[in-house]
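> take a look and give me a structure for this.
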Amino acid sequence: MSVPAEAPQVVREESVRIQEAHGFRFADGAVCADSLTYAPASVVRVGNARFVFISGHTGTAPQSLDRDGQTELTLADEIFRQSAAALAKIESVLHSLHGTMEDIVRVRVYVRAPLTKEVFEAIHDSRRAFFGGARKPASTLVRIDALVRPDALIEIDADAVITDRPDVRPEPHRT
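Next up is the predicted model:
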(Lines give C-alpha, C1' and ligand atoms only; values in the text may rest on other atoms or scores of the structure.)
Protein backbone atom coordinates (compact mmCIF):
# COMPACT_ATOMS: atom_id res chain seq x y z
CA MET A 1 0.00 0.00 0.00
CA SER A 2 1.49 3.34 -0.98
CA VAL A 3 1.26 6.42 1.23
CA PRO A 4 0.27 9.68 -0.46
CA ALA A 5 3.05 12.30 -0.46
CA GLU A 6 0.87 14.63 1.64
CA ALA A 7 0.39 12.13 4.47
CA PRO A 8 2.16 12.98 7.74
CA GLN A 9 5.21 10.84 8.37
CA VAL A 10 6.80 10.26 11.75
CA VAL A 11 10.53 10.63 11.20
CA ARG A 12 11.98 8.21 13.75
CA GLU A 13 15.58 8.33 12.50
CA GLU A 14 15.78 12.02 13.42
CA SER A 15 14.60 11.19 16.94
CA VAL A 16 17.35 8.59 17.34
CA ARG A 17 19.93 11.01 15.89
CA ILE A 18 18.84 13.62 18.44
CA GLN A 19 19.28 11.09 21.25
CA GLU A 20 22.79 10.24 20.11
CA ALA A 21 23.76 13.87 19.47
CA HIS A 22 22.71 14.93 22.95
CA GLY A 23 24.75 12.25 24.68
CA PHE A 24 22.16 10.30 26.62
CA ARG A 25 24.59 8.49 28.88
CA PHE A 26 24.53 5.49 31.12
CA ALA A 27 26.95 4.34 33.83
CA ASP A 28 29.39 2.90 31.31
CA GLY A 29 29.31 6.12 29.27
CA ALA A 30 27.61 4.45 26.31
CA VAL A 31 24.72 5.89 24.37
CA CYS A 32 21.95 3.33 24.13
CA ALA A 33 19.06 4.91 22.22
CA ASP A 34 17.20 1.60 21.88
CA SER A 35 16.90 1.16 25.65
CA LEU A 36 15.22 4.52 26.28
CA THR A 37 11.44 4.62 26.53
CA TYR A 38 11.24 8.16 25.13
CA ALA A 39 13.05 10.43 22.70
CA PRO A 40 14.24 13.98 23.39
CA ALA A 41 11.98 14.93 20.46
CA SER A 42 9.70 13.35 17.90
CA VAL A 43 9.48 14.75 14.41
CA VAL A 44 6.49 14.55 12.08
CA ARG A 45 7.04 15.63 8.48
CA VAL A 46 4.13 17.13 6.55
CA GLY A 47 5.08 18.45 3.13
CA ASN A 48 7.91 20.98 3.57
CA ALA A 49 7.34 21.31 7.32
CA ARG A 50 8.63 19.31 10.24
CA PHE A 51 6.54 19.43 13.39
CA VAL A 52 8.90 18.90 16.34
CA PHE A 53 7.54 17.80 19.71
CA ILE A 54 10.31 18.29 22.28
CA SER A 55 10.17 16.32 25.51
CA GLY A 56 10.32 18.09 28.85
CA HIS A 57 13.73 19.26 30.03
CA THR A 58 14.82 20.22 33.52
CA GLY A 59 17.61 22.54 34.59
CA THR A 60 20.62 20.28 34.84
CA ALA A 61 24.29 21.05 34.38
CA PRO A 62 25.65 19.67 31.11
CA GLN A 63 28.43 17.11 31.41
CA SER A 64 27.84 16.58 35.15
CA LEU A 65 26.88 13.19 36.53
CA ASP A 66 25.27 12.27 39.83
CA ARG A 67 26.49 9.50 42.15
CA ASP A 68 24.98 6.74 40.03
CA GLY A 69 26.90 8.07 37.02
CA GLN A 70 23.77 8.06 34.87
CA THR A 71 22.05 11.43 35.07
CA GLU A 72 23.14 15.04 35.02
CA LEU A 73 23.15 17.01 38.27
CA THR A 74 20.39 19.53 38.78
CA LEU A 75 21.59 23.10 39.05
CA ALA A 76 21.42 24.97 42.34
CA ASP A 77 18.05 25.62 43.94
CA GLU A 78 17.50 28.71 41.79
CA ILE A 79 14.65 29.01 39.29
CA PHE A 80 16.31 31.46 36.87
CA ARG A 81 19.32 29.17 36.25
CA GLN A 82 17.18 26.04 35.98
CA SER A 83 14.82 27.76 33.50
CA ALA A 84 17.70 28.97 31.36
CA ALA A 85 19.35 25.52 31.39
CA ALA A 86 16.10 23.80 30.35
CA LEU A 87 15.59 26.30 27.52
CA ALA A 88 19.22 25.87 26.40
CA LYS A 89 18.61 22.13 26.05
CA ILE A 90 15.49 22.79 23.98
CA GLU A 91 17.51 25.17 21.83
CA SER A 92 20.17 22.49 21.38
CA VAL A 93 17.58 19.95 20.21
CA LEU A 94 16.25 22.48 17.69
CA HIS A 95 19.77 23.33 16.53
CA SER A 96 20.46 19.63 15.84
CA LEU A 97 17.43 19.74 13.51
CA HIS A 98 18.58 23.00 11.87
CA GLY A 99 15.91 24.98 13.68
CA THR A 100 15.92 27.95 16.04
CA MET A 101 13.93 29.15 19.01
CA GLU A 102 11.89 31.26 16.59
CA ASP A 103 10.49 27.99 15.23
CA ILE A 104 8.81 27.26 18.58
CA VAL A 105 5.06 27.74 18.47
CA ARG A 106 4.14 26.47 21.96
CA VAL A 107 5.82 25.87 25.33
CA ARG A 108 4.53 24.26 28.48
CA VAL A 109 6.18 25.16 31.77
CA TYR A 110 5.72 23.08 34.91
CA VAL A 111 6.83 24.85 38.09
CA ARG A 112 7.13 23.26 41.49
CA ALA A 113 5.13 25.10 44.16
CA PRO A 114 5.21 27.72 45.55
CA LEU A 115 4.72 30.00 42.56
CA THR A 116 5.45 33.46 43.93
CA LYS A 117 5.65 36.74 42.04
CA GLU A 118 9.47 36.54 42.27
CA VAL A 119 9.51 33.00 40.83
CA PHE A 120 7.16 34.03 38.01
CA GLU A 121 9.38 37.04 37.17
CA ALA A 122 12.55 34.91 37.25
CA ILE A 123 11.04 32.43 34.79
CA HIS A 124 10.08 35.21 32.41
CA ASP A 125 13.46 36.92 32.78
CA SER A 126 15.17 33.69 31.64
CA ARG A 127 12.66 33.27 28.78
CA ARG A 128 13.38 36.76 27.43
CA ALA A 129 16.91 35.68 26.54
CA PHE A 130 15.52 32.89 24.34
CA PHE A 131 12.30 34.44 23.03
CA GLY A 132 13.40 38.02 22.48
CA GLY A 133 12.18 38.31 18.89
CA ALA A 134 8.82 39.43 17.57
CA ARG A 135 7.41 35.90 17.54
CA LYS A 136 6.34 34.71 20.96
CA PRO A 137 5.16 31.13 21.41
CA ALA A 138 1.84 30.20 22.92
CA SER A 139 2.52 29.26 26.51
CA THR A 140 1.02 27.37 29.42
CA LEU A 141 2.35 27.62 32.97
CA VAL A 142 1.26 24.97 35.46
CA ARG A 143 2.06 24.96 39.17
CA ILE A 144 2.61 21.43 40.43
CA ASP A 145 3.51 19.85 43.75
CA ALA A 146 6.45 17.79 42.51
CA LEU A 147 8.50 16.74 39.52
CA VAL A 148 10.04 13.32 38.94
CA ARG A 149 13.43 14.78 39.85
CA PRO A 150 12.93 15.91 43.46
CA ASP A 151 15.60 18.63 43.16
CA ALA A 152 14.11 20.12 39.97
CA LEU A 153 12.11 23.32 40.28
CA ILE A 154 10.95 23.50 36.66
CA GLU A 155 10.41 21.40 33.56
CA ILE A 156 9.78 22.85 30.10
CA ASP A 157 8.64 21.17 26.88
CA ALA A 158 8.04 22.73 23.49
CA ASP A 159 6.52 22.25 20.05
CA ALA A 160 8.10 23.75 16.95
CA VAL A 161 7.48 23.94 13.22
CA ILE A 162 10.60 23.91 11.06
CA THR A 163 10.17 24.48 7.35
CA ASP A 164 12.60 23.50 4.64
CA ARG A 165 12.34 27.09 3.42
CA PRO A 166 13.69 29.51 6.04
CA ASP A 167 11.74 32.37 4.46
CA VAL A 168 8.47 30.56 5.25
CA ARG A 169 7.68 30.64 8.96
CA PRO A 170 4.41 30.68 10.86
CA GLU A 171 3.05 34.20 11.09
CA PRO A 172 2.41 35.68 14.55
CA HIS A 173 -1.22 35.93 15.53
CA ARG A 174 -2.47 39.51 15.47
CA THR A 175 -5.44 40.58 17.57
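> just the helices in this protein please.
Using DSSP state H, the helices of the chain run over 12-21, 79-96, 117-130.
> now, of those helices, which is deepest in the fold?
helix 79-96 (a mean of 21; mean count of other Cβ atoms under 10 Å). All C-beta atoms are positioned from the backbone trio N, CA, C, and that covers glycine.
> quick one: the nearest residue to Arg112 once chain neighbours are set aside from Val109, how far?
If the residues on either side of it in the chain are set aside, Arg112 comes closest to Leu153, at 5.1 Å by Cβ to Cβ, 6 or more residues apart in numbering. Shown here: Leu153 relative to Val109, a distance of 11 Å by Cβ to Cβ, to the nearest Å.
> okay, those two: which has more neighbours?
Neighbours around Leu153 and Val109, counted as other Cβ atoms under 10 Å, are more numerous at Leu153. The numbers are 26 against 21.
> what's the separation between Gln82 and Val105?
Noted for Gln82: a distance of 23 Å to Val105, by Cβ to Cβ.
> contact partners for His57?
With contact taken as Cβ atoms under 8 Å, 6 or more residues apart in numbering, His57 is in contact with 40, 85-87, 89-90, 155-157.
> where's the dip in pLDDT among these?
Model confidence across these bottoms out at Pro40, which has 78.
> low-confidence bits of the chain, can you list those?
Counting by pLDDT under 70, the ranges of the chain that qualify are 1-38, 61-76, 165-175.
> so which residues of it form strands?
Per DSSP state E, the chain carries strands over the ranges 9-10, 41-46, 49-58, 104-112, 138-144, 154-163.
> which strands or helices does the second one pack on?
For strand 41-46, the elements it packs on are strand 9-10, helix 12-21, strand 49-58, judged by 3 or more Cβ pairs under 8 Å, 6 or more residues apart in numbering; DSSP states H and E.
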